[in-house]
Every structure is written in C-alpha cells, then in structure tokens.
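Peer 1: 3D, please:
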Amino acid sequence: MTEALRVLVVEDDPITAEAHAAYVMRVDGFVVAGVAHTGSEAFRLLRTARDGRTAPFDLILLDVNLPDTTGIELCRALRAAGIEIDVIAVTAVRDAAVVRSAVSLGIVQYLIKPFGFAAFLEKLLAYHDYHARVGSAGITDQQEVDASFAALRTSSGADLPKGLTRETLERVRAAVRAAPTTAMSAAELAALLDLSRVTARRYLEHLADAGVVERAGRYGTPGRPEVEYRRR
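Peer 2: Predicted coordinates:
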C-alpha cells in the first residue's frame, strides 16, 4: 500500500483552514501534515522539512491572499530557496494576471472559492494520479509525458456519464490505487465494493477512457477472455 501524500494547508482564516483540512482527511491517499496561517509560517515549515528536520511535504493547498504576503510571492520565495513542492492554489482570486503567474510558477491546480467537496475531491484525485505517474520508475516516452499532464486535467462532476457519481468514482479509484501491481476485473471490483458487475464495469471503463487505467485481456480461464484493468 502506498504511503499517504502529506499536505500542508496554508490559509489565513482558521475556520476555512479547518474546513480544508477536514476535506483532505476525507480523501483516500492524503493526510494533513501541517497547517499554516501566514506565508512566513508556511515558509518556516517547508524549510524545516527541506533541511530534513521534519518529514517532507508533498503538496501545498495554498490561499493566494495571506496577511503577510501573497501565495504567488510565497511560491516565488520557495522556488528561489530551492524548495520544490507541488501547489494547488485555493482562492477566491479570479484575476487573469494571478492565474498566469500561477502557471509560470508551476502551480499544478487552481481551485476557485467557494467550492464544494465534489470539486475539491476531483482536484485531489487528479493530482494523486499525476503524482503516481511522475513518481513511478520513470517517464520513457512522449505518451507517458502526455498521460502525466493529462492526469491533472479535470472536468466538473456534471460531466460524468449519466448514472456515475463522484463518491463511487472515488471508491473505485482508491481500490485501483490500492492494487498498483495487480490487474482487476469488473467482477472482482464488484465483489470488493459491493457493486453490481455492470456498474463496476462502467466505472472502470470511464477510468480507462480517461487514461487512468489500461485495459487488457485476461487469458487462461475457461470461456471468453475476461477484460482486466490495471493502473497506468
């Protein structure tokens, strides 16, 4: 089982910070490893982790408006200090110049307040897929590079095929992530998650179309070859 990704929540409002932390803890594969309410506090925590005095962080959920700086300036300071960490901007700021700056600094996702858990979940699951891809044995060709970047692209929950829900999709993705080297059939997933076989296949096919899993034929069993799905 892969280790949970460690998240630093950076948000000046204590109630909002608590809400974001609670959201993180609801998503399989993530854990809140720290909370900071100012840019200077966040920088200190990240520098301490960079120096090996505490466990490293994998991801920052970063508010753009902080009392002592901006999220953009904090990112610039982190890059200048050689602190490489992925960032998801979580902000009410809709200014195009800020978005351009976020892209130039390598901020991997931009989540606009206010948002519900479904939108938050979608961003974190996309990031988890991206992190798993770039953290694997290595990128070997253009297809893998394209797939890694594609993993960060998300659509709204309304774009899910009819009959699929974001919550069940999270459960399916978590089951796939928990078996990174083992292929899974629709029947096996159905038994694991107490779904119908048809429903399990629909979710797996959706993930296959999105490039999250790959299909293959399973041979050596009686009857027609069964389709199995494996995380890319």
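
Peer 1: could you report the neighbour count for residue 23?
Peer 2: Using other C-beta atoms under 10 Å, residue 23 has 20 other residues around it. (Each C-beta comes from the backbone N, C-alpha and C, glycine too.)

Peer 1: in the helix or strand hosting it, what counts as buried?
Peer 2: Take DSSP states H and E as the rule and residue 23 turns out to sit in helix 14-25. With burial defined by 16 or more other C-beta atoms under 10 Å, the residues of helix 14-25 counted as buried are 17, 20-21, 23-24.

Peer 1: after the lowest-mean-pLDDT helix or strand in the chain comes which helix or strand?
Peer 2: The helix or strand of the chain with the lowest confidence, counting by mean pLDDT, DSSP states H and E, is helix 142-150 at a mean of 59. The helix or strand immediately downstream of helix 142-150 is helix 166-178, counting by DSSP H and E.

Peer 1: after that next one comes which helix or strand?
Peer 2: Counting by DSSP H and E, the next helix or strand C-terminal to helix 166-178 is strand 184-185.

Peer 1: who's in contact with that following strand?
Peer 2: Identification of contacts with strand 184-185 by C-beta atoms under 8 Å, 6 or more residues apart in numbering yields 175-176, 192, 204, 218, 226-230.

Peer 1: make a ChimeraX selection of the buried ones in those residues.
Peer 2: In ChimeraX, a selection of the buried entries from the contacts of strand 184-185 looks like this (16+ other C-beta under 10 Å):
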select :175,176,204,226,227,228,229,230
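
Peer 1: pLDDT check: weakest of the contacts of strand 184-185?
Peer 2: On pLDDT alone, residue 218 ranks lowest of these, at 74.

Peer 1: now do that one against residue 226, distance only.
Peer 2: 4 Å (C-beta to C-beta, to the nearest Å).

Peer 1: got any ranges where the protein has weak pLDDT?
Peer 2: Residues of the chain meeting the criterion pLDDT under 70: 1-2, 135-159, 180-181, 219-225.
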